[in-house]
Structure formats: structure tokens, C-alpha cells
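Chemist: Provided below are the primary sequence and the corresponding predicted coordinates.
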Amino acid sequence: MDLWQLLLTLALAGSSDAFSGSEDSSKEPKFTKCRSPERETFSCHWTDAVHHGSKSLGPIQLFYTRRNIQEWTQEWKECPDYVSAGENSCYFNSSFTSIWIPYCIKLTSNGGTVDEKCFSVDEIVQPDPPIALNWTLLNVSLTGIHADIQVRWEAPPNADIQKGWMVLEYELQYKEVNETKWKMMDPVLSTSVPVYSLKVDKEYEVRVRSKQRNSGNYGEFSEVLYVTLPQMNQFTCEEDFYFPWLLIIIFGIFGLTVMLFVFLFSKQQRIKMLILPPVPVPKIKGIDPDLLKEGKLEEVNTILAIHDSYKPEFHSDDSWVEFIELDIDEPDEKNEGSDTDRLLSSDHQKSHSNLGVKDGDSGRTSCYEPDILETDFNANDIHEGTSEVAQPQRLKGETDLLCLDQKNQNKSPYHDACPATQQPSVIQAEKNKPQPLPTDGAESTHQAAHIQLSNPSSLANIDFYAQVSDITPAGSVVLSPGQKNKAGMSQCDMHLEMVSLCQENFIMDNAYFCEADAKKCIPVAPHIKVESHTEPSFNQEDIYITTESLTTTAGRPGTTEHIPGSEMPVPDYTSIHIVQSPQGLILNATALPLPDKEFLSSCGYVSTDQLNKIMP
Amino acid sequence: MNIKGSPWKAGSLLLLLVSNLLLCQNVAPLPVCPGGAARCQVTLRDLFDRAVVLSHYIHNLSSEMFSEFDKRYTHGRGFITRTINSCHTSSLPTPEDKEQAQQINQKDFLSLIVSILRSWNEPLYHLVTEVRGMQETPEAILSKAVEIEEQTKRLLEGMELIVSQVHPETKENEIYPVWSGLPSLQMADEESRLSAYYNLLHCLRRDSHKIDNYLKLLKCRIIHNNNC
């Protein structure tokens, strides 16, 4: 039972609340709007009351009062006209309208004030919309795409503009038919305004609204005016040219990128050059000067090796150092100016051993004439047994890196022997290695070898370069046996042999051959010779030409000395008389009756052309 | 006649002439158009145009000043219902609607305008003084008050010129309502003081609007013959 009572009470309370709420929620009449369209009359509107409750509201009344001149009377008067302005409205005609006098109105229902409002008429002025909108064409652009129009209208008729009672300002809005947003223009005081830049092929909507100039609010919009511009031109080109900014930007960036890369790559070379300065080009093509610098003679040997007989048994640098040390140990050789001298003075064999020593770059230029000179002297010494004399001259020759007097060389009795001891003008690009002239020794050794064929040492037919196979305790150098073969080959033989030589030489792809051989080969096989001359000589690898063969050939045309077993190829090394970069070499030209002394005087490799000159 | 006549030119010339009038009081007031209207450089139209511009400007300033004052001091406090004291110019028979404005004659109309303008000289002066002397001087209100005072003087001078042109025979009527609201502006009670300021500014706004409206009516009536 208690529960039931509680529930019932709650229900009643809720219902009562609902009832009261419904009554309270009934909308009371409120003023919605008071408006004066022309500043001569005004009207006020209110909402209709919604009655839900049982309690019925009385008729709604509006009372107004206005402040008199001197005092604020609280006398409320009822609305003079409930009808003219429509339902739930009160209309005040001109007799009740005073401009600069404040009004207060109140809405009553059953004697109770439901709403109150105070205002002055100027505050509620809202003019009527303008009428009679029309437009005229002002002009059309040259392209016929855009046009300007002048829109005219008239003031609302109830607004007394002529007497100046109202001063209105107007706001025009326009848009394309299919657009949603209106474009607004600034307020104007006149009743016409130009509208610029309308597209000819589009249809526009125009509307105008007015407002009192100093007070009040904007009135309603006028009727929409449709503007359809006539197409003047039959062909209307698309004026909307959108500059292809995007394309331009893309291409611009692309071009700049390309330029940047080109610049970087080009600069890279330069930067590379700046960082790593290029090594001077070797004078001898095909020979890496770095190898000779580093003294990796084995590698150089491999490069230079063109003969099978050539046995790169050359010692490593250590042997060379060892060799030097030996020199130092010999007190007799202290007076020697160079290791080469020491070598040569002490023992021919020693000097012979020099043959095997590669002279990477003994500081000599391409001219090997000093060596030749020394060799001459050395040969003489050898012959005379006074090798000592040869030493200073050798020295002299060594120091004179430039070409010595060729005449001397020509005069030198090298005819007897292939002065294989050509100056090591087979110079690499390195001039800065004034190494002693082992070549001198080699030369002398070579000569000695040549002369002393029986010499078990490798003096026989000494190439300019010979490989040192061993060094005797006495200090003499044992040349590699291969030299013998080479030595045998170094001599330019008779015609046949020359021919064979030529053939072989040219057949073989090695780089060395005697210029004399070549020369001799010419008459035998001029074509071949010439060709082979050019090819082997002036291949980049064909740097070395056996001096021996040259001198032997040139000097002793009638020599009977035969190179035993001239199957062997021409010695690998030959002093180069002239180096004329970069075309070719010229061998020791002492034996060669060079028609053109130019070759002799100039140092360098003989060029192909020169060689061609030499050999008809 | 200079149809296009720039208001600035008219105003400057007006000012020059008025200053001459004020400075050289010994000399008889120099008429604007000694040789007649035809020879006037400052035409009546220009004078009216300039007067309308000034009155419009003064009314705008008054409205803004009132709005600022109300927003700052008295908003939502129902002061409008408390304005017991009406404006000091209420005694003047000013037309309250269009019919009354149309019924009043031109000469009286002009005299009325001049009287209103004259009656506001003193209140504006005191307004500026009192606002300037306030504890926290509202700079916006003060600047506007100063500007209104200055422009009202100019408008008065222009109106006197117009009157001299339109009705040269009119004697200068110095009768105008006197303002006696100064004590109320200086009351110690803030509420009363605020009410006094509110009333004064409200009246100024109304009277400036009246002057503006009257001048526009007169302009259309005199210059454009009721066909603005």
C-alpha cells in the first residue's frame, strides 16, 4: 500500500508538473518586429499566444506611450489599428508617428504585461525594396568576352525622396545564375550603378536593397533582375587563358636540375684535377711511370717483356740496394762518382750487372747520347784496358743529360760493336731520377760482353739492359743468361739474318727491334719493313730498339759476325738515341747514316715520319 | 554658377569669410554676395551642400558618441525610461513629422535651425570640459565631443550665411533655449551624473538628427524645388 501511495503521488506530481509546464511553456506573445517603411508610419507585430492550459488568456492588447515634450507621461494608449498591418499587429499611421519622440509599447494579456519595448521611429526604419530594375549595356570588351552594364532602379515609392524626407542608400548584389554566393557592391546613394566585367555568355541575377542613410536597417531585396548579355561576336574565343605556370615551373626546375648536374659533373673533373693533380704523361707510352718510380721492376719487366727469352729474373729492389751496398763496401770504388762507375770500374761484370738493372729513370732525358759517349769511351777503355778513363767521361756523359755531340758518337768506333750500351734514353717520363747510369755499365758491359764473347758472364752481347742474375762475392754482376741469347741477337747480322730478324722481329709482337735491322730489312722487304717499322716501332709498346742491332748493322755492314742462333729475338733493351714524343723512338743513331741530322741533334723518340725519312 | 562646386572650396571660403567677420567686428559684415547672387562665388547650392554634409557628419558623431557612452556606462540599465528631463531644445516648435515639416515656412524653418544650433553652443562647451575633467577620460567620447563642438560652430556660421542669402532682411535673432544642465553634470552622485550625461547625449543625438533632416528638407525645397 505504501508503495502504491508513493507511486500515485509521484504520478500526480508529475502530471501536475506537466500541466504547469504546459501552461508555462505556452508561448507568450512577444514582439517580433516593429517597422517603419517610410518614416511616416510604423507597425508592430507580435507572436500569437499558444494556450495549452485550461486557463485562457484574454485578448492581447497593445498599449503605447510616448514621451511628451516636457515630461514622460505614463499614459498608455491602446493601439489605434489592429487590422491594417495584419494579424497580431498594430499599425500606427502618420498622425501617431513622431520621429524624434521615443515610443514605448507593451503587450498585455488579461491585464498582465507580457512584453514591452521602447524605441524611436528612426531606429525601426526599414525601407521598401527598390522597384523597376533595369539594365543597359555600357560597352563590350574588345575580345567580346566581357561587358559592362548599368543597372538602374527606382526608389521605393513610399519613401519620400523628392522632399528629402528620406535619404536612402542602396546595395546591389549580383551573381551568375548557377552560382550560390552573391557578390555585393558598396552602398551607393544614387539609383543607378555600373556593373563591370560581366561575361557575355553567362546569365546573371541582380537584386537591390535599400536602407536609410544614417539609421535603420536594410530593407528587403528587390525582385531579381535577370541579365542576359547578347553575344556580339559569332565566335567567342576562350579568353580564359590560364598561363601554364605549373608547366613552366616544372620545366624550369627540370632545366635547372640538368644544368646543376652538368655543372657539378664538369666541376667534378676540375675538382678532381684540383685534388689529384694529373701525373705527367710518361714519355714512353705504355709504361706506367709510377711503376718505375716505385721500383716495381718486376711489373715493369712484365710490361716491357716482349721476348720470350727475356727472363725477368731481375732482382727486386733489394738486390739493387744490395748492389749499392756492395759498391760502398769496395773502397776502391769510393772515388767513383756514381754507382755505375763503381760498378764499371771494379769489374766489367759489375758493370754488366748493371745491365740487368733497370734504369727506371736515371734522370736522363730522352737523349741517351751521353751514354753513348761514355760507352764509346768505355769501349775504348775496354779495348785499351783503361776503364778508368772511361769513368769520368761516363760521368761526363751522365751529367750531360742533353744530347751530346752526335759527331762524337758517330765517330766513335762503335762500328765494331753494336753499341748496345745505348744511353738509357729509353726514358720513362721520369726525369727526376738521376740514377746512375747503369746503362753505361750496361753499355760497357754489353760491349765487353760483345767483345768478350767467351766471357762466361753475361757480358756477351750486352743489351743495354740486362738482368742481373747474381752478384759474385767479388762484386761482379752476373747477368742473366738470357742476355747471351739476346746479345747474340743484338748484333745485327747479315742480310739474311737481318731479314729473318726483320721477319721475326716484325712477326713477334714485341716492341724491340733494331733500327738498323729495320733499315736493313727495308730493302729486303720494304713493305714489311716499313709496315713493321711503323707498327712495332711506333706502337706504344715499341719503345725499345736494340741499339746493338742498330749500331752493328749500321757500322758494320760487312761484318761477319753472326749472331749465333739468331733465332733469338732482338734484345729487349736498347738505348734510345732520340726520343721524340710521342710518336716514336729513334735508336742510337751513331751507326745509322741518318740522312737528316736533325734526328741526331734532337733528343727524343723518332717519330714515324722521321723513321720513314730515314728509311726510304 | 559653379554647378560642380567643391564643398571644400565652399567651406574654406566660408571659413575665411566668417573669420573675417569675427576678427573684423568693426567693419560691417561683409556680405557674401555684395553684388548679388549672380556674382557669388559660393552659391547657395554649395552652401546647402556643405551644410548638409556638416549636419550629416555631426549626427554621425553624435550617434557614435551616444552609443559608446551607453555601451560603456549605462547599457542595459533602463536609463531611457529614466530620462525625466527632456532636452532643453524641446521648447522650440520643431516639426515632429513630415507633415509638420512641410507646413512650416522656409524662413521660420531656417531660424529654427539656427536657434537649435545656437542653443547647443554652450552645452557642447561644457560637455567637453566635463568629459575632459573626468577621472578616466574616455578618449573616444572626448575626441568626438570636441569635434562636434567645432563642427557645430562651423555649421552655425554656414547657416547664418545661408540665412543672409535667402532672407537677407532677417534680423539676427539671438533668442534660443538656454541650457541649464551643468549642475547635473557635476553632481556627486554617480547615478545622477550618469543620467545627466545620458540625457545630454541623447538630446544631442536627437537634435543633430533633426538639424540634418531639416537641412535636407530645406535643400530639396529651396534648391531642387522638392525634386531631389
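Modeler: Thanks, I have it.

Chemist: what number of residues lie near the residue of chain A found nearest chain B?
Modeler: The minimum distance from chain A to chain B, using CB to the nearest CB, falls at A:Gly164 (3.3 Å). Yep, even glycine has a C-beta here, placed from its N, CA and C like the rest. Neighbourhood size, A:Gly164 [other CB atoms under 10 Å in any protein chain shown]: 23.

Chemist: and what of B:Val163?
Modeler: Counted with other CB under 10 Å, the neighbours of B:Val163 add up to 18.

Chemist: How about A:Gln5?
Modeler: 9.

Chemist: Can you verify A:Leu107 is assigned to a strand?
Modeler: Yes: counting by DSSP: H, G, I helix; E, B strand; the rest coil, A:Leu107 is located in a strand.

Chemist: Give me the nearest residue to it, chain neighbours excluded.
Modeler: What sits nearest to A:Leu107 in space, not counting adjacent residues and going by CB to CB, 6 or more residues apart in numbering or on different chains, is A:Asp115, at 4.3 Å.

Chemist: Check B:Leu44 too.
Modeler: The spatially closest residue to B:Leu44, leaving aside those adjacent along the chain, is B:Gln165, at 5.5 Å (CB to CB, 6+ apart).

Chemist: Could you check how far the one you found is from B:Thr43?
Modeler: Distance, B:Gln165 to B:Thr43, by CB to CB, to the nearest Å: 9 Å.

Chemist: same check, this time on B:Pro183
Modeler: 45 Å.

Chemist: neighbour count winner among these two?
Modeler: Neighbour totals were compared for B:Pro183 and B:Thr43, and B:Thr43 leads with 20 against 8 (other CB under 10 Å).

Chemist: Would you mind listing the residues in contact with whichever residue of chain B sits closest to chain A?
Modeler: Nearest residue of chain B to chain A: B:Cys220, at 3.3 Å (CB to the nearest CB). Contact analysis of B:Cys220 by CB atoms under 8 Å, 6 or more residues apart in numbering or on different chains lists A:Gln162, A:Lys163, A:Gly164, B:Asn226, B:Asn227, B:Cys228.

Chemist: Kindly indicate the member of those residues with the most neighbours.
Modeler: Going by other CB under 10 Å, A:Gly164 tops the contacts of B:Cys220 with 23 neighbours.

Chemist: next one: phi and psi at the nearest residue to it once chain neighbours are set aside?
Modeler: In this structure, A:Gly164 finds its nearest non-sequential neighbour in B:Cys220, 3.3 Å apart by CB to CB, 6+ apart. Per-residue torsions, B:Cys220: phi -60, psi -30 (degrees, to the nearest 10).

Chemist: low-scoring stretches of chain B, by residue?
Modeler: Counting by pLDDT under 70, chain B has low-confidence residues at B:1-6, B:19-41, B:79-85, B:173.

Chemist: Show me what from it comes close to chain A.
Modeler: B:56, B:59-60, B:63, B:80-81, B:83-84, B:86, B:90-91, B:94, B:96-99, B:101-102, B:206, B:209-210, B:212-213, B:216-221, B:224, B:226-228 (CB under 8 Å from any CB of the partner chain).

Chemist: Neighbours of the residue nearest to B:Leu155 when sequence neighbours are not counted, how many?
Modeler: Among residues not flanking B:Leu155 along the chain, B:Leu54 sits closest, at 4.4 Å (CB to CB, 6+ apart). For B:Leu54, the neighbour count with other CB under 10 Å is 23.

Chemist: what about A:Leu198, is that helix, strand or coil?
Modeler: A:Leu198 ends up strand, using three-state DSSP.

Chemist: my guess is it meets A:Pro230, correct?
Modeler: No: here A:Leu198 does not reach A:Pro230: they are 11.8 Å apart, not a contact under CB atoms under 8 Å.

Chemist: Tell me which of those two has more neighbours.
Modeler: A:Leu198 (22 against 8).

Chemist: Please name the bridge partners of the more buried one.
Modeler: Beta bridges link A:Leu198 to A:Ala147, judged by DSSP bridges.

Chemist: quick one: pLDDT of it?
Modeler: Note on A:Leu198: pLDDT of 91.

Chemist: and it, what is it in contact with?
Modeler: By CB under 8 Å, 6+ apart, A:Leu198 lies in contact with A:His146, A:Ala147, A:Asp148, A:Ile149, A:Tyr204, A:Val227, A:Leu229.

Chemist: and the first one, how many neighbours does it have?
Modeler: It refers to A:His146. 16.

Chemist: In space, what's closest to it - neighbours in sequence excluded?
Modeler: Sequence neighbours aside, A:Ser197 is the residue nearest to A:His146 in space, at 4.9 Å (criterion: CB to CB, 6+ apart).

Chemist: got the contact list for that neighbour?
Modeler: A:Ser197 makes contact with A:His146, A:Ala147, A:Asp148, according to CB under 8 Å, 6+ apart.

Chemist: A:Tyr91: which of the residues you listed is nearest?
Modeler: Taking CB to CB as the measure, A:Tyr91 lies nearest A:Asp148 of the contacts of A:Ser197, at 43.9 Å.

Chemist: Quick one: which of the contacts of A:Leu198 has the lowest pLDDT value?
Modeler: Lowest pLDDT among the contacts of A:Leu198: A:Leu229, with 85.

Chemist: Please report how far that residue lies from A:Met185.
Modeler: To A:Met185, A:Leu229 is 18 Å away according to CB to CB.

Chemist: More neighbours: which of these two?
Modeler: More crowded of A:Leu229 and A:Met185, by other CB under 10 Å: A:Leu229, with 19 against 15.

Chemist: Relative to A:Asp148, how far out is the more buried one?
Modeler: The spacing between A:Leu229 and A:Asp148, counted by CB to CB, is 10 Å.

Chemist: Need the residues touching each of those two.
Modeler: Common contact partners of A:Leu229 and A:Asp148 (CB under 8 Å, 6+ apart): A:Leu137, A:Leu198.

Chemist: all strands of the stretch 151-300 of chain A, in order?
Modeler: Ranges of strands within the stretch 151-300 of chain A are A:168-176, A:183-184, A:192-199, A:203-212, A:225-228, based on DSSP state E, counting those that start in this stretch.

Chemist: Any buried residues in the last one, and which?
Modeler: For strand A:225-228, the buried set under the neighbour-count rule, 16 or more other CB atoms under 10 Å in any protein chain shown, comprises A:Leu225, A:Val227.

Chemist: That strand pairs with which strands?
Modeler: Partners of strand A:225-228 in the sheet, by DSSP bridges, are strand A:203-212 (antiparallel).

Chemist: Which positions within stretch B:114-127 qualify as buried?
Modeler: B:Val114, B:Ser115, B:Ile116, B:Leu117, B:Arg118, B:Ser119, B:Trp120, B:Glu122, B:Pro123, B:Leu124, B:His126, B:Leu127.

Chemist: out of the residues you listed, which one sits closest to A:Ser36?
Modeler: Of all the buried residues of stretch B:114-127, the one with the least separation from A:Ser36 (CB to CB) is B:Ile116, at 23.6 Å.

Chemist: In three-state terms, label that closest one for me.
Modeler: Three-state assignment for B:Ile116 (three-state DSSP): helix.

Chemist: do A:Cys104 as well
Modeler: Using three-state DSSP, the three-state assignment for A:Cys104 comes out as strand.

Chemist: Now the nearest residue to it once chain neighbours are set aside, what are its backbone angles?
Modeler: Computed as CB to CB, 6+ apart, the closest residue to A:Cys104 that is not its neighbour in sequence is A:Cys118, at 4.2 Å. Here is the backbone geometry of A:Cys118 (degrees, to the nearest 10): phi -130, psi 140.
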